[in-house]
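> okay, here's the prediction I keep looking at, along with the sequence it came from:
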Amino acid sequence: MSEFATDLRQLRASSWTALKSTPRWLGGTSAATPQSWVAVIFASGAALFFLASCWFQLSAAHARWITFPAGLDPSDLSVEDHLYDYYLASEPFVMIPGTSLPFGIGMLLQAAGVVLLTMCLLSLRPRQSFRRGPLQLILGLLLSASCAIIGYESLLTSRNGTPPHESGRTALADTLLTLGFFAAIGLCLLCARRCPALSLAVFFTLGTNVHGYIFACYIVAPLLTFYSSHDTTPGTETVVALSTGLSGLLLLVAAWLLVRSRSNAWACWAR
């Protein structure tokens, strides 16, 4: 019994040590340098935009997978049919009320959040090199533009009742949608050492990218629901929305770590 108690105390001590070291690891090299309030404000603002985006996206997913199926008859088209897919909708398309509009608003909010996240990265101390700073800005703007395009097309679908014709989508828009994926990966790698919390926040933005949507539909959603659909797996858009929510939570963690870096520096100065 005494050996069990000893093992339990050791496990508790090691777990507590791991918990204390986790925030330090998430802070990266930026946690060792007192950060400006500008970086804290940008991180906090980005977190609010991402969490608001998550709420709108969850509202759209709830309308498709919870509210709409309740009124369907057995003879009606299955809610899993791709005709109801409002993510980058294309013809043929049947719009479910309460899906395209909130999803479009959510993606535009995410685009704004990405801009604030990028500004937070640029305002971290010590300052980036002359080449890396502009590169981060370009990658951040590309990622934001890809989110904005998805949101804009969704708002057009909500207004017109039909998705924009694929022939009307410019080559620039298609290029930005593709570049958004690589921009997210590049930005994630560039800030991985400076602030892993921000790097992870960028990583989870991949969930709203085209590749992330496909991954959620055919891998994540089936694993969570223990069911693989013939078309769109139930909860696919919910998984996409939760990825945005995870980014928002990680941004809150980053903001807290940046504030703590200032507090630690103040405590050292007071001594």
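In hand now; what should we look at?

> distance from the chain centre to stretch 147-161, please.
19 Å (C-alpha atoms, centre = their mean, to the nearest Å).

> show me which residues of it are buried.
147-158 (16 or more other C-beta atoms under 10 Å). (Each C-beta comes from the backbone N, C-alpha and C, glycine too.)

> and the contacts of it?
By C-beta atoms under 8 Å, 6 or more residues apart in numbering, the list of residues contacting stretch 147-161 from outside reads 86-89, 93, 95, 100-101, 103-111, 114, 163-164, 169, 173, 176-177, 180, 205, 208.

> so of those residues, which ones are in strands?
Secondary structure from DSSP state E places none of the contacts of stretch 147-161 in strands.

> below-threshold pLDDT in this structure: ranges please.
Confidence mapping of the chain against pLDDT under 70 gives the ranges 1-35, 75, 126-131, 165-170, 262-271.

> helix or strand: which one has G151?
helix 132-160 (DSSP states H and E).

> and the buried residues of stretch 147-161 as TSV, adding distance to A39?
Shown next, in TSV, are these (distance: C-beta to C-beta, whole Å):
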residue	distance to A39
C147	22
A148	24
I149	28
I150	28
G151	26
Y152	29
E153	33
S154	31
L155	31
L156	35
T157	37
S158	36
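
> so which of those residues is the closest to P234?
Nearest to P234 out of the buried residues of stretch 147-161 is S154 (C-beta to C-beta; 20.0 Å).

> once you drop chain neighbours, what's closest to P234?
Among residues not flanking P234 along the chain, W65 sits closest, at 5.5 Å (C-beta to C-beta, 6 or more residues apart in numbering).

> which residues touch the one you found?
Shown in contact with W65 (C-beta under 8 Å, 6+ apart): 79, 234-235, 237-238.

> what helix or strand is F203 on?
Here F203, judged by DSSP H and E, is contained in helix 196-204.

> distance from that helix to the middle of the chain?
Relative to its parent chain, helix 196-204 has a centroid offset of 9 Å by C-alpha atoms, centre = their mean.

> for that helix, packing partners?
helix 2-27, helix 37-62, helix 100-122, helix 171-190, helix 236-270 (3 or more C-beta pairs under 8 Å, 6 or more residues apart in numbering; DSSP states H and E).

> please list the residues outside it that contact it.
By C-beta under 8 Å, 6+ apart, the surrounding residues in contact with helix 196-204 are 25-28, 43, 46, 50, 117, 120-121, 143, 184, 187-189, 191-192, 243-244, 246-248, 250-251, 253-254, 257.

> following that helix, which helix or strand comes up?
By DSSP H and E, the next helix or strand past helix 196-204 is helix 210-215.

> helix or strand next in line after that following helix, which one?
helix 221-225.

> quick one: distance of that next one to the chain centre.
In terms of C-alpha atoms, centre = their mean, the centre of helix 221-225 is set 19 Å apart from its chain centre.

> list only those of the contacts of helix 196-204 flagged as buried.
Applying 16+ other C-beta under 10 Å to the contacts of helix 196-204 flags 26-28, 43, 46, 50, 117, 120-121, 143, 184, 187-188, 191, 243-244, 246-248, 250-251, 253-254, 257 as buried.

> does L58 touch S243 like I think?
No. Applying C-beta atoms under 8 Å, one finds L58 not in contact with S243, separated by 11.4 Å.

> one step back: got the angle for the helix holding F203 vs helix 171-190?
150 degrees (axes from the mean of the first three to the mean of the last three C-alpha atoms, to 10 degrees).

> give the buried residues for helix 196-204.
196-204.

> ok, stretch 208-218 next?
208-210, 212-213, 215-217.

> contacts for that stretch, please.
With C-beta under 8 Å, 6+ apart as the test, stretch 208-218 has contacts from 57, 87-88, 107, 110, 146-147, 150, 177, 180-181, 184, 206-207, 228, 232-233, 236, 239-240, 243-244.

> which of these count as buried?
Applying 16+ other C-beta under 10 Å to the contacts of stretch 208-218 flags 57, 87-88, 107, 110, 146-147, 150, 177, 180-181, 184, 206-207, 232-233, 236, 239-240, 243-244 as buried.
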